[in-house]
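Sharing a sequence plus its predicted fold:
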Amino acid sequence: EVQLVESGGGLVQAGGSLRLSCVGSGFTFDDYSIGWFRQAPGKEREAVSSISSASDGQIYYADAVKGRFTISTESAKNTVYLQMNNLKPEDTAVYYCGTIVAYYRGRPIGNHWGQGTQVTVSS
């Protein structure tokens, strides 16, 4: 059974940084593309970033986070990270990691969600 556990969220002031972690179990980590998604109150879940399991390690970033967020993996620990710098109040959301099942118009579609971790950015 695929399981994903997110951690690292918290309360930070605008301009600050956080690093989220997603630990996977129950599957061969290197066989899956993994992504980060977020959902703000009253809004739909949206893709933030993803990294491909393929040898090219293709990476996707949403326009809103390009240049501020960095996704990376540590296969030996079955972990995907999301380094978030220069955080803005509009980044406030619950952040989830998920396995990537497809891409639609270049955006990753996720599955096997974790429980999420809350990120709150104060102005």
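Nice, thanks for sending it over.

going forward, measure contacts and count neighbours with C-alpha atoms only.
Will do.

Quick one: residues in contact with the longest strand seen in the chain.
Secondary structure of the chain per DSSP state E: the longest strand is strand 93-104. For strand 93-104, the external contacting residues (CA atoms under 8 Å, 6 or more residues apart in numbering) are 4-6, 9, 22, 32-41, 50, 108-120.

are any of these buried, and which?
4-6, 9, 22, 32-40, 50, 108-110, 113-114, 116-120 (16 or more other CA atoms under 10 Å).

pLDDT-wise, which helix or strand of the protein ranks last?
Lowest mean confidence among the helices and strands of the chain (mean pLDDT, DSSP states H and E): strand 107-111, at a mean of 91.

Can you check what angle separates that one from strand 93-104?
Using axes from the mean of the first three to the mean of the last three CA atoms, to 10 degrees, one finds that strand 107-111 and strand 93-104 are set 110 degrees apart in direction.

Sheet-wise, list the partners of strand 107-111 with their directions.
Using DSSP bridges, the strands paired with strand 107-111 are strand 93-104 (antiparallel).

buried ones in the partner strand?
Ala93, Val94, Tyr95, Tyr96, Cys97, Gly98, Thr99, Ile100.

So for this structure, the centremost residue is which one?
Trp36 (1.9 Å; CA atoms, centre = their mean).
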